[in-house]
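> got a sequence here, can you build the structure:
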Amino acid sequence: RPLVAGGLVRATTEYEELRDAEAILIALPTPLSRQREPDLSIVEAATRDVARVLRKGQIVVLESTTWPGTTREVVLPLLEEGSGLKAGGDFHLAMSPERVDPGREDWTTKTTPKVLGGIDAASTTRAADVYRRAVDTVVEVSTPDAAELTKLLENIFRSVNIALVNELAQLCDRMNIDVWEVVDAAATKPFGFMRFSPGPGLGGHCIPIDPFYLTWKAREFDFSTRFIELAGEVNNNMPYFCRSLISQALNHGANKSVSGARILIVGVAYKPDIGDWRETPAEKLIHLLRTAGADVAYHDPYVPEFDGMRSSALEPEDYDCVAIVTHHSDIDYGELVRRGNVIVDFRNATKGHEVDGKVWKL
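Down below sits the predicted model:
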C-alpha cells in the first residue's frame, strides 16, 4: 500500500503503457489442459499484445514456469513477428522463473536468489541489471532453457521426495509403524537427509503441475521421465488413501460408515496460514467423501468460500469425524481433540494430544 500511495506501483490493463517501460516482465499462469499437457494460451496471448507495443531497446523477461525451450520456441518468434523487431539486436529477451513461497517470511523476493538466462550474452547482462536493482543475488545461467529447467528441477525435487514419504506412510499404515516418528528420527541426522512430510496430496499452482511440463517435453526426445510420472501417480492417489483412512476411523472409532456420516474438513488451503486453495487435495477428498454418501462441511479461517460452501464454525462435537487436511497454526488442536468424536489427522497437527481410539493419523 505505501508503494501504491507513493505512486511507485500501479495496475493497468492498457498494453500501450508498456512503451514507456524499460523492462517488461511476463508472469502469467501456465496451466495444464484436461489431457495434462501444457497450456500456454495465456502467455501466448499476452506476448502478442506485448509485441504490438514493443520498441527498440526494451528488455522482455518471461517469468512463467514452463517447459525448456518456451522462451526461444514460443515467446521469441511471437515477439519478432508481432513487432517487426529482431531479438538480441533491437530488443533483449531472457527467462527468469519466479521463486515464491506464499506465507513465508524468512525468504522474501529481495533475499531469494534470482536465476536468469538470456537468448544471448547481452540479454543476460541487461536482465541481470534490471533484477539487481531489487534482488540481492542474481544467478546467471547460459541459456533461457537452463533457467526454465532449473525451476522445474526445484519443483520436481519436492514432488518426488513428497511422493517417497507418502508411499512410506501407506506402508507404515500396513506395518503399524508411526511414519511421523520415523520421519522425526531420520531428520536428526545432520547430513545426507532432508526432511519431507507426508500428507493428503499436493497443492498449489506449482508442484502438482510443473513436473508434467518436463514429462510432456521429454517425449519430443523419445525419453520417459519415469521418476516424475511415478511421483505424480503416488501423490495423486493420496486423497483415495485418505478417504479409506477416514472410513476405517469411522468404522472402528464410531461404528459408522462414511455414507450418512457428518464430516468436517479442517483446512482447505493448500498449505498452512494462507488463503490459496489452488490444486488443494482437499477438493478431491471432499468429492470422494460426498460420492461415498457423506455430509461434508469445512472450516478454514483463511478461505471463507470453497467448492460451493461457506466455512463453518469450528464445532468438532457436531460431527461424526473431523479430518485435518491443512494444519493452520491458529487452531487449538488439543481443544479440537478434546471436543471431537473421531479425529483423522493427515498432518500430525495433534502431536502430543493423541488419544487411542479417537485420533487416527496418516
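
> could you tell me how far residue 165 is located from residue 179?
Taken as C-beta to C-beta, to the nearest Å, the spacing of residue 165 relative to residue 179 amounts to 7 Å. In short, each C-beta sits where N, CA and C put it, glycine included.

> anything in contact with each of those two?
Contact with both residue 165 and residue 179 is made by residues residue 198, according to C-beta atoms under 8 Å, 6 or more residues apart in numbering.

> and the lengthiest helix in the chain, what's buried?
Among the elements of type helix in the chain, defined by DSSP state H, the one spanning the most residues is helix 144-175. Going by neighbour count (16 or more other C-beta atoms under 10 Å), the buried part of helix 144-175 is 144-145, 147-152, 154-156, 158-160, 162-163, 165-170, 172-173.

> following it, which helix or strand comes up?
Scanning forward in sequence from helix 144-175, with DSSP states H and E defining helices and strands, the next element found is helix 179-186.

> can you pull out the strands in the stretch 1-150 of the chain?
Counting by DSSP state E, counting those that start in this stretch, the stretch 1-150 of the chain has strands at residues 23-26, 59-62, 92-95, 114-118, 138-140.

> name the residues that touch the next helix or strand after the second one?
Spelled out, that is strand 59-62. Later in the chain than strand 59-62, the nearest helix or strand by DSSP H and E is helix 70. Contacts with helix 70, where a contact means C-beta under 8 Å, 6+ apart, come from 40, 43, 62, 64, 95, 148.

> okay, the fourth one: pLDDT?
Predicted confidence (pLDDT) for residue 64: 95.

> which residues touch it?
Residue 64 sits next to 26, 27, 28, 29, 30, 43, 70, 97, 98 when contact means C-beta under 8 Å, 6+ apart.

> give me that answer again for 6 Å
The contact partners of residue 64, taken as C-beta atoms under 6 Å, 6 or more residues apart in numbering, are 27, 28, 30, 43.

> related to what we said a few turns ago, out of the contacts of helix 70, the closest to residue 357 would be?
Using C-beta to C-beta, residue 64 is the member of these that sits closest to residue 357, with 49.2 Å.

> ok, now how distant is that closest one from residue 237?
Taken as C-beta to C-beta, the span from residue 64 to residue 237 is 28 Å.

> for residue 226, same thing?
Relative to residue 237, residue 226 is positioned 16 Å away (C-beta to C-beta).

> same deal with residue 327?
Remark: distance between residue 327 and residue 237 (C-beta to C-beta) = 21 Å.

> compare those two (neighbour count), which wins?
The residue with more neighbours, out of residue 327 and residue 237, is residue 327; 20 against 15, by other C-beta atoms under 10 Å.

> can you pull out the helices in the stretch 201-350 of the chain?
The residue ranges that make up the helices of the stretch 201-350 of the chain, judged by DSSP state H, counting those that start in this stretch, are 211-218, 226-254, 281-291, 333-339.

> what's the angle from the longest one to helix 144-175?
For helix 226-254 against helix 144-175, the angle between stretch directions is 30 degrees (axes from the mean of the first three to the mean of the last three C-alpha atoms, to 10 degrees).

> okay, buried residues for helix 226-254 please.
Of the residues in helix 226-254, those buried under the neighbour-count criterion (16+ other C-beta under 10 Å) are 228, 231-232, 234-235, 238-239, 241-243, 245-247, 249-250, 253.

> equivalent analysis for stretch 183-193, please.
residue 183.

> first vs last residue of it, how far apart are they?
Between the start and the finish of stretch 183-193 there is a gap of 10 Å, counting by C-alpha to C-alpha, to the nearest Å.

> ok, residues contacting that stretch?
Counting by C-beta under 6 Å, 6+ apart, the neighbours of stretch 183-193 from elsewhere in the structure are residue 195.

> what mean pLDDT does that stretch have?
For stretch 183-193, the mean confidence score works out to 97.

> where do the helices of the stretch 1-150 of the chain begin and end?
Taking DSSP H, counting those that start in this stretch to define them, one finds helices in the stretch 1-150 of the chain at 2-5, 41-53, 70, 76-83, 121-131, 144-175.

> export those helices as TSV, with columns for mean pLDDT and distance to residue 315.
Formatted as TSV, the entries for the helices of the stretch 1-150 of the chain read as follows, by pLDDT from 0 to 100; distance: least, C-beta to C-beta, whole Å:
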stretch	mean pLDDT	distance to residue 315
helix 2-5	86	40
helix 41-53	97	41
helix 70	96	49
helix 76-83	97	54
helix 121-131	97	49
helix 144-175	96	29
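
> mind putting these in TSV, distance to residue 215 included?
Conversion of the helices of the stretch 1-150 of the chain to TSV gives the following (distance: least, C-beta to C-beta, whole Å):
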stretch	distance to residue 215
helix 2-5	39
helix 41-53	19
helix 70	15
helix 76-83	24
helix 121-131	28
helix 144-175	9
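
> closest one to residue 114 among the helices of the stretch 201-350 of the chain?
When these are compared by C-beta to C-beta, helix 211-218 sits nearest residue 114, at 20.2 Å.

> and the pLDDT at residue 285?
On the pLDDT scale, residue 285 gets 97.

> hang on, it packs against residue 239?
Yes - at 4.4 Å, residue 285 and residue 239 qualify as touching, with contact defined as C-beta atoms under 6 Å.

> for residue 284, give me its contacts.
Contacts of residue 284 were listed using C-beta under 6 Å, 6+ apart, and they are residue 239.

> do you know how far it is from residue 210?
Using C-beta to C-beta, residue 284 is found at 19 Å from residue 210.
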